[in-house]
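K.L.:
quick one, what's the 3D model for this:
(4 chains)
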2 protein chains.
Amino acid sequence: MAAHDGSPRYHHDNLRSTLLSVARALLEEGGPAALSMREIGRRAGVSAPAAYHYFNSLDAIAAALAEHGFAELSESIAAALAGPRRNLLAGGIAYVAFARANPGLYRLMFGEGFQAYSRGNEAIRALRMQVYRQMKDDLEKHLTPGNVPNAALFLWSLTHGLALLTIDGQVEPGADPDAKVEDILKLAGMGLPAAR
Amino acid sequence: MAAHDGSPRYHHDNLRSTLLSVARALLEEGGPAALSMREIGRRAGVSAPAAYHYFNSLDAIAAALAEHGFAELSESIAAALAGPRRNLLAGGIAYVAFARANPGLYRLMFGEGFQAYSRGNEAIRALRMQVYRQMKDDLEKHLTPGNVPNAALFLWSLTHGLALLTIDGQVEPGADPDAKVEDILKLAGMGLPAAR
DNA sequence: GATCCAATCTTTACAGTGTTAAAATCATGC
DNA sequence: GCATGATTTTAACACTGTAAAGATTGGATC
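P.N.:
Residues are numbered from 1 along each chain as shown, chains lettered A, B, ... in the order given. Below you'll find the model as predicted:
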């Protein structure tokens, strides 16, 4: 079969990355539960078992997507921390913005997503810890060392919780979502408003 | 067939509640992903379609479990708020303790759990909002009204995030988990420790 | 250029799932 | 004692992930 026409070729050009991008689209359309080997194959114009040449299982595809996601998230936070505002608040805003922009991916990264309680999760837990570490490292520039561990867990819990509640539709978005996030995260810096 | 011997009877005595308790056990063993119509039937000693006399779908069983969970959680929080400490801190500790005691259920209540983005979730979102409302109502006793919305979202995010990170194994438990939770939640009341 | 090889993809098949439809069984009213 | 309605079963359909075996292809070697 000639290679220059549009007819479907037996050898796909770059199947591995096609599979991943198709899977990502699927993930954002229907959440982690919508990831399906057969549907991925279908959309890539290939039969389902073809994917097994590049990934051992559906979980492996999910893990690759999550890995990408962690890299993106980490980079996005780093950019915010190094940006014009140069502070933790900017990092937190970037964190929640990432979740809002990629809700399916964020759920995959931090939700059950995988066969819950199974092995593959070890790698994911490590990647999560890396995000945590990133936050912690920045905190060390601002706090006395003894306070860092609790402060880090405090901030991570707050940001993570806010991100999840946001993509779960439990927060009415409002006109400027970033501003709303900023309002909430600011409370972390000054504690609760004064009692009346 | 006589009814007084131990032989399996055609009519199960109280199948509906048996199904629910079996499902709950399954949920805590393997998380929301482990919920399976056929396995539920198997454990209840009944064939799978039997369950359809009491529930329209697997999602309906999950929804019933979640509903129970919200009632339990709400009651547990209310008890803490009315208990000897009578403050929000006690409520937050109870909240996280509930998640730690019922991780599978908590994930079902607040995770994807269901066919993500599907209809059934409307009821769940409403039940979540009820928990939120409970927290908000208590906050109104302590804050000037204008501050309540943001403070409530702030506290819910923090508590929810901490609960999830805890059951996801991202927080090293330590000797007294409740004390650790208390340490973190206390930071909400006084903001971050002073900069050095 | 012909031939072989390894990589790539397809077909086929198996075990499992949720769910529906029809048939069987039972408990209970008359 | 029998019919009725509630309960449960069996059989079947369409779907899933994945393993095994075969078909196809591009590229290296002669």
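K.L.:
from here on, contacts and neighbour counts on C-alpha atoms
P.N.:
Will do.
K.L.:
buried residues in the one helix or strand in chain A whose mean pLDDT sits lowest?
P.N.:
Least confident element among the helices and strands of chain A, by mean pLDDT, DSSP states H and E: helix A:121-139 (a mean of 87). Neighbour-count burial for helix A:121-139, with 16 or more other Cα atoms under 10 Å in any protein chain shown as criterion, is recorded at A:121, A:124, A:127-128, A:131-132, A:135-136, A:138-139.
K.L.:
can you check stretch A:73-80 too?
P.N.:
A:73-74, A:76-78, A:80.
K.L.:
among those, find me the one that's closest to DNA strand D.
P.N.:
Closest to DNA strand D out of the buried residues of stretch A:73-80 is A:L73 (25.9 Å), distances taken as Cα to the nearest atom of the strand.
K.L.:
helix or strand: which one has the closest one?
P.N.:
According to DSSP states H and E, A:L73 maps onto helix A:58-82.
K.L.:
if I pick the residue in chain A that DNA strand D sits nearest to, what's in contact with it?
P.N.:
Across chain A, the shortest distance to DNA strand D (Cα to the nearest atom of the strand) belongs to A:S36, at 2.8 Å. Neighbour list for A:S36: A:L58 [criterion: Cα atoms under 8 Å, 6 or more residues apart in numbering or on different chains].
K.L.:
rewinding a little: and the angle for the helix holding A:L73 with helix A:121-139?
P.N.:
0 degrees (axes from the mean of the first three to the mean of the last three Cα atoms, to 10 degrees).
K.L.:
helix A:58-82 near DNA strand D anywhere?
P.N.:
Yes. Judged by Cα under 7 Å from any atom of the strand, helix A:58-82 and DNA strand D are in contact via A:58-59.
K.L.:
domain-wise, how is chain A divided?
P.N.:
Domain assignment for chain A by automatic domain parsing gives A:13-55, A:59-190.
K.L.:
which stretches in chain A count as helices?
P.N.:
A:15-30, A:37-44, A:58-82, A:88-101, A:103-110, A:121-139, A:148-167, A:177-190 (DSSP state H).
K.L.:
quick one: the longest one near DNA strand C?
P.N.:
Spelled out, that is helix A:58-82. No. Shown here: helix A:58-82 not in contact with DNA strand C (Cα under 7 Å from any atom of the strand), separated by at least 14.1 Å.
K.L.:
can you name every helix or strand that that helix contacts?
P.N.:
Other elements packing on helix A:58-82 under the criterion 3 or more Cα pairs under 8 Å, 6 or more residues apart in numbering or on different chains; DSSP states H and E are helix A:15-30, helix A:88-101, helix A:103-110, helix A:121-139.
K.L.:
any idea of the mean pLDDT in it?
P.N.:
The predicted model assigns helix A:58-82 a mean pLDDT of 95.
K.L.:
so that helix versus helix A:103-110, what angle?
P.N.:
Note on geometry: by the same axes, to 10 degrees, helix A:58-82 and helix A:103-110 are set 100 degrees apart in direction.
K.L.:
now find how far off-centre helix A:58-82 is within its chain.
P.N.:
Centroid separation for helix A:58-82 versus its chain: 6 Å, with Cα atoms, centre = their mean, to the nearest Å.
K.L.:
with the fourth one instead?
P.N.:
Distance of helix A:88-101 from its chain centroid, counting by Cα atoms, centre = their mean, is 11 Å.
K.L.:
what about chain A, any weak spots by pLDDT?
P.N.:
A:1-10, A:112-121, A:190-191, A:194-196 (pLDDT under 70).
K.L.:
how close does the residue nearest to the spatial centre of chain A get to A:M129?
P.N.:
Chain A has A:Y106 as the residue nearest its centroid, 3.5 Å off, counting by Cα atoms, centre = their mean. Distance, A:Y106 to A:M129, by Cα to Cα, to the nearest Å: 15 Å.
K.L.:
then A:P149?
P.N.:
Distance, A:P149 to A:M129, by Cα to Cα: 13 Å.
K.L.:
cool, and A:L162?
P.N.:
To A:M129, A:L162 is 18 Å away according to Cα to Cα.
K.L.:
cool, and A:G83?
P.N.:
Distance of A:G83 to A:M129, given as Cα to Cα: 23 Å.
K.L.:
ok, A:T159 next?
P.N.:
Counting by Cα to Cα, the gap from A:T159 to A:M129 is 15 Å.
K.L.:
cool, A:L105 as well?
P.N.:
17 Å.
K.L.:
same thing with A:G92?
P.N.:
Distance, A:G92 to A:M129, by Cα to Cα: 16 Å.
K.L.:
repeat that for A:V46.
P.N.:
Using Cα to Cα, A:V46 is found at 36 Å from A:M129.
K.L.:
what about A:R85, neighbour count?
P.N.:
By the measure other Cα atoms under 10 Å in any protein chain shown, the count of residues near A:R85 is 11.
K.L.:
what does stretch A:186-193 rub up against?
P.N.:
For stretch A:186-193, the external contacting residues (Cα under 8 Å, 6+ apart) are A:89, A:155, B:143, B:147, B:151, B:154, B:187-192.
K.L.:
can I get it in CSV, CA atoms only?
P.N.:
C-alpha atoms of stretch A:186-193 as CSV (Å, rounded to 0.1, in the frame of the first residue of the first chain):
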residue,chain,number,x,y,z
LYS,A,186,-5.6,34.5,51.9
LEU,A,187,-7.5,33.3,55.0
ALA,A,188,-4.6,30.8,55.5
GLY,A,189,-2.2,33.7,56.0
MET,A,190,-4.3,35.6,58.5
GLY,A,191,-6.5,33.1,60.2
LEU,A,192,-10.2,33.4,60.5
PRO,A,193,-11.8,36.9,60.5
